[in-house]
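Asker: Next one to model:
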Amino acid sequence: MKALVALILLVQLPIHKAVPAAPPAPLGCDDPESQAAADIAVNYINGHSHHGYKFTLNRIEDIRVVPQGPNKDIIFLELDLLETTCPILSPTPLENCTVRSFAEHAVEGDCDVKMQKVDGTLSVLASKCNSHADSSEDLLKVCPDCPLLAKMNDTDVLQTVSAALNDYNSKTTESYLRLLEIGRAKIQYHPGHTIVTEFAVGATNCSAEEAKANVEACQLLPKDQSNFGFCTAVMVKHPSQDLRVDCQLYGHQVGAPDIPLLSAHWYYTSAGLAPSAVGFTNHNLGLAHNNPVASESSSSEILRSMLSAKSVKKRAVAEAAQHDKVPRPVGFVPPPPACPGRILHFDI
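Answerer: Down below sits the predicted model:
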């Protein structure tokens, strides 16, 4: 009898089903994990850029994490970057580079990055970037007297760079320097006619004295001895004439992920312009790069997945907009949006 009662009581006990674990909350653009991923992405972008200047993070526009199984995620990032004053060949660490100010006619970069996280380790699979200078109208509204970026193949710009490099080589006792590329230039017409240029240079196997005899024989030093640098020149044409040039050589650098050495990617016209820079005011961060050691096998597959991530984001934004139309209780304060993140420097 007792056994029967015990059995009845056992049958009547409530059965507790296992509750599945809740999925992790989506990452916000300002979360530490998002910032860590963005830092790795920006270093990757700078390490695979071969023209112009280093870029730094200004804001994380969006982040999306797609689980791929145990201990593996695919991460899609949309990043806003800003140009710094550090040339791409400079050994200065990015954290020590100064963001070019709004008044200097800032340049913004927009990047889509695909990453993977395996056993806690982040790596970049692919990146696609473009950059553009802030509009002249926006700059002049805030700073009517600020000079604007000039086209890098402007006649005044080319003359200033040529005169500055000739002036430096005529006075140096070190290696003869050759022009690598013009970085940027500005022309001011009032109150005086002034041209300011920035350009990258490389040391050659000739002394400045030897170059006078046969400059065509002067070649850039081989990779294991290379020595690159950067120059700034200011030419005043009116009301008086003056030329000031300052050059800094970096010394030989051993290749590092964030210091791309001179390679086949550097193609120049005789004027020191990459063909893609002719007629433009800034070097475009026109970077579309697939990591050759990434576990994903097809570059087209990577690009398709990046585009797919954007379409998913658009649908999510549309759904959120519909959700916001639902009546809310009086006094309801919606939580802050997870993305985009905060602006680290300034908006352009």
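
Asker: what about dumping the CA coordinates of stretch 221-240 to CSV?
Answerer: The C-alpha trace of stretch 221-240 is given here as CSV (Å, rounded to 0.1, in the frame of the first residue of the first chain):
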residue,chain,number,x,y,z
LEU,A,221,68.1,52.0,-52.2
PRO,A,222,67.3,48.2,-52.3
LYS,A,223,64.6,46.9,-49.9
ASP,A,224,67.2,45.7,-47.3
GLN,A,225,68.6,49.3,-47.1
SER,A,226,65.6,51.4,-47.9
ASN,A,227,65.2,54.8,-46.2
PHE,A,228,62.0,56.7,-46.8
GLY,A,229,61.0,60.1,-45.5
PHE,A,230,58.5,62.9,-45.7
CYS,A,231,58.8,66.6,-46.7
THR,A,232,56.7,69.7,-46.2
ALA,A,233,57.2,72.7,-48.4
VAL,A,234,55.8,76.2,-48.3
MET,A,235,56.2,78.5,-51.3
VAL,A,236,55.1,82.1,-51.2
LYS,A,237,54.6,83.7,-54.6
HIS,A,238,53.0,87.0,-53.6
PRO,A,239,53.6,89.7,-52.3
SER,A,240,57.2,88.5,-51.9
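
Asker: begin at 38 from here
Answerer: Got it, the first residue is 38 from now on, which makes the last one we talked about stretch 258-277.

Asker: Now it: buried residues?
Answerer: Neighbour-count burial for stretch 258-277, with 16 or more other CB atoms under 10 Å as criterion, is recorded at 258, 263-268, 270, 272-274. Placement of C-beta: from N, CA and C, glycine included.

Asker: quick one: buried residues of the strand or helix carrying Lys165?
Answerer: Assigned by DSSP states H and E, Lys165 belongs to strand 158-170. The neighbour-count check on strand 158-170 (16+ other CB under 10 Å) flags 159, 161-166, 168, 170 as buried.

Asker: Find the nearest non-adjacent residue to the residue nearest the centre of the chain, please.
Answerer: What sits nearest the mean C-alpha location of the chain, by CA atoms, centre = their mean, is Phe92, with 3.7 Å. Take Phe92 and drop its neighbours on the chain: the residue closest to it by CB to CB, 6 or more residues apart in numbering is Leu118, 4.0 Å away.

Asker: Centre of the chain to the helix or strand harbouring the one you found, how far?
Answerer: Leu118 belongs to strand 109-124 when assigned by DSSP H and E. Relative to its parent chain, strand 109-124 has a centroid offset of 6 Å by CA atoms, centre = their mean, to the nearest Å.

Asker: Run the angle between that strand and strand 158-170 for me.
Answerer: Angle, strand 109-124 to strand 158-170, by axes from the mean of the first three to the mean of the last three CA atoms, to 10 degrees: 40 degrees.

Asker: picking that back up, tell me how far the residue nearest to the centre of the chain lies from Asn167.
Answerer: Taking CB to CB, to the nearest Å as the measure, Phe92 falls 11 Å from Asn167.

Asker: Overlap in contacts, those two.
Answerer: Residues touching both Phe92 and Asn167 (CB atoms under 8 Å, 6 or more residues apart in numbering): 146, 322.

Asker: hey, C-alpha coordinates of stretch 176-185 in CSV?
Answerer: Extracted in CSV, the C-alpha atoms of stretch 176-185 (Å, rounded to 0.1, in the frame of the first residue of the first chain):
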residue,chain,number,x,y,z
LEU,A,176,34.5,73.8,-44.4
LEU,A,177,34.0,77.4,-45.7
LYS,A,178,30.8,77.7,-43.6
VAL,A,179,32.8,77.2,-40.4
CYS,A,180,36.2,78.6,-41.6
PRO,A,181,35.7,81.1,-44.5
ASP,A,182,39.5,81.9,-44.6
CYS,A,183,40.7,78.3,-44.5
PRO,A,184,42.5,77.1,-47.7
LEU,A,185,41.0,74.2,-49.5
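
Asker: now what about that stretch, what contacts it?
Answerer: Residues contacting stretch 176-185 (CB under 8 Å, 6+ apart): 139-142, 173, 223-225, 227, 231, 233, 318.

Asker: and that stretch, what's its mean pLDDT?
Answerer: What stretch 176-185 shows for mean pLDDT is 92.

Asker: how far is that stretch from where the chain is centred?
Answerer: Taking mean C-alpha positions (CA atoms, centre = their mean), stretch 176-185 and its chain are 24 Å apart.
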